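Asks: With the sequence up front, the predicted model follows.
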Amino acid sequence: MFADNIIFFPHRASTTAGRVDNLGFFLLGTTGLMAVLVAGLLIGFAVRYRRRPGQPPPAEMRGNTALELFWTITPVFVFLVMFFWGAVVYFDAYRAPDDATVVYGIGKQWMWKFQHPEGQREINALHVPLGRPVKLMLTSEDVVHSFFVPDFRTHMDVLPNRYTSVWFNADRAGTYHLFCSQYCGTAHSKMVGTVHVLGPAEYQDWLNQHAEGSLALQGRKTFLKYRCLSCHGGDQRDHPRAPLLEDLYGRRVTLRDGRTVLADDEYIRRSIYQPGAEIVLGWEDIMPNFRGQVSEEEIVELIAYLKSLRRGQTPKRVEEYPPPTTTPPINSEK
């Protein structure tokens, strides 16, 4: 490929890379050609029409309407081509296919942390399958970072207090550099990692060797750890305090102010860190704020758990079970 033959030019290692390169070469060629044309005309006219000794000043020149319309309108069409071409490439690069594998990534001064659906966790490394789309859900624990893999032509800002996403389909096996391209503090230059693209068999072996239980299972433990059952328990007959969370993910929720919102990753995260911002219709604002208690990794686990939670699968509250029986102590003096 042309790009691979350019010295110091990153390899093309994803299905997006070729489209990004083609657009980049078009922009570079078009703007470069115009720069050369303008510079050439400027120098040529300066030499040809320079003032010479003994010659009178030139006569006043009137504008040429047709020429002015030409050099005003023609660039507009060139820029429109750039705009629409860029829009197509952008939407294709940032709208993941429905069958993409979702991996959660967290930027933190100064490291990258990744969590796979099967429960595998990585720091400053990301293992992905060859020839399969991977969608990254990204957030930051502190400041603004930026996820950048030059060989994939993949770049996305990673922001605190919200999720951003980007996807890629790696079509070339190997190991590629991962950078933070946003200055994020004194050790910014050390916030680097690697992306390992593995064939199907190798990737499955890696998953098996690093299995820790699915994210949904870990999320269930987190759900119990923070006693979410106290309000979101499965038995809503006696004094319910909060809505049931079964089959929540992916449906629209009606709020007290009449709005409806989609129960997606961002909604769940807001509900935990800013519970008073969006109160569900029919319920009171009694949920405490868990910011500073629940970590970003645990948020990811809870999201995975709620994605999997179906009707009738909410665990029973421990308080519903009878307490253990005790026997009176034996009096040894009798």
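Replies: Received, thanks. Numbers count the residues shown, from 1 in each chain.
Asks: In the stretch 101-250 of the chain, mark out all the strands, start to finish.
Replies: Taking DSSP state E, counting those that start in this stretch as the criterion, the stretch 101-250 of the chain carries its strands at 101-108, 111-115, 121-123, 125-129, 133-140, 145-149, 154-158, 164-169, 174-180, 192-198.
Asks: taking those together, which one is wrapped up most tightly?
Replies: Ranked by mean neighbour count, those are led by strand 145-149 with a mean of 24 (mean count of other Cβ atoms under 10 Å). (Each C-beta comes from the backbone N, C-alpha and C, glycine too.)
Asks: Return the distance of that one from the chain's centre.
Replies: Centroid separation between strand 145-149 and its chain, computed with Cα atoms, centre = their mean, to the nearest Å, is 10 Å.
Asks: List the neighbours of stretch 244-259 that are in contact with it.
Replies: Residues from elsewhere that reach stretch 244-259 (Cβ atoms under 8 Å, 6 or more residues apart in numbering): 232, 234, 236, 260-264, 267-268, 278-283, 303, 306-307, 309-314.
Asks: what about the helices in the stretch 201-334 of the chain?
Replies: With DSSP state H, counting those that start in this stretch as the criterion, the stretch 201-334 of the chain has helices at 215-225, 229-232, 265-273, 296-308.
Asks: Turn these into JSON lines, columns for mean pLDDT.
Replies: Below are those laid out as JSON lines (pLDDT from 0 to 100):
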{"stretch": "helix 215-225", "mean pLDDT": "84"}
{"stretch": "helix 229-232", "mean pLDDT": "80"}
{"stretch": "helix 265-273", "mean pLDDT": "88"}
{"stretch": "helix 296-308", "mean pLDDT": "87"}
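Asks: just so I know, which of those lies nearest residue 58?
Replies: Closest to residue 58 of these is helix 265-273 (Cβ to Cβ; 65.4 Å).
Asks: Report the backbone C-alpha coordinates of that closest one in PDB.
Replies: The C-alpha coordinates for helix 265-273 follow below in PDB (Å, rounded to 0.1, in the frame of the first residue of the first chain):
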ATOM      1  CA  ASP A 265     -24.300   3.600  30.000                       C
ATOM      2  CA  GLU A 266     -24.400   7.400  30.500                       C
ATOM      3  CA  TYR A 267     -27.800   7.300  32.200                       C
ATOM      4  CA  ILE A 268     -26.700   4.600  34.700                       C
ATOM      5  CA  ARG A 269     -23.500   6.400  35.400                       C
ATOM      6  CA  ARG A 270     -25.400   9.700  36.100                       C
ATOM      7  CA  SER A 271     -27.900   7.900  38.300                       C
ATOM      8  CA  ILE A 272     -25.100   6.700  40.500                       C
ATOM      9  CA  TYR A 273     -23.000   9.800  40.600                       C
END
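Asks: For it, buried residues please.
Replies: Within helix 265-273, the residues that count as buried by 16 or more other Cβ atoms under 10 Å are 265-269, 271-273.
Asks: Please indicate which of the contacts of stretch 244-259 are buried?
Replies: 232, 234, 263, 267-268, 279-280, 303, 306-307, 309, 314.
Asks: Mind telling me the two of the residues you listed farthest from one another?
Replies: Largest separation among the buried ones among the contacts of stretch 244-259 by Cβ to Cβ: 279 and 307, giving 22.5 Å.
Asks: what about the chain, any weak spots by pLDDT?
Replies: Within the chain, the stretches with pLDDT under 70 are 1-8, 211, 234-240, 317-334.
Asks: per-domain residue ranges of it.
Replies: According to automatic domain parsing, the chain comprises the domains 1-45+67-212, 215-317.
Asks: ok, now how distant is the residue positioned nearest the centre of the chain from residue 36?
Replies: Geometric centre of the chain, nearest residue: residue 165, 2.2 Å, by Cα atoms, centre = their mean. Per Cβ to Cβ, to the nearest Å, residue 165 is found 40 Å from residue 36.
Asks: And residue 71, by the same measure?
Replies: Going from residue 71 to residue 36 by Cβ to Cβ gives 16 Å.
Asks: do the same with residue 21
Replies: In this view, residue 21 and residue 36 are 22 Å apart by Cβ to Cβ.
Asks: can you check residue 246 too?
Replies: Distance check for residue 246 against residue 36: by Cβ to Cβ, it reads 65 Å.
Asks: neighbour-wise, which of these two wins?
Replies: More neighbours surround residue 246 than the other of residue 246 and residue 36, with 15 against 10 (other Cβ atoms under 10 Å).
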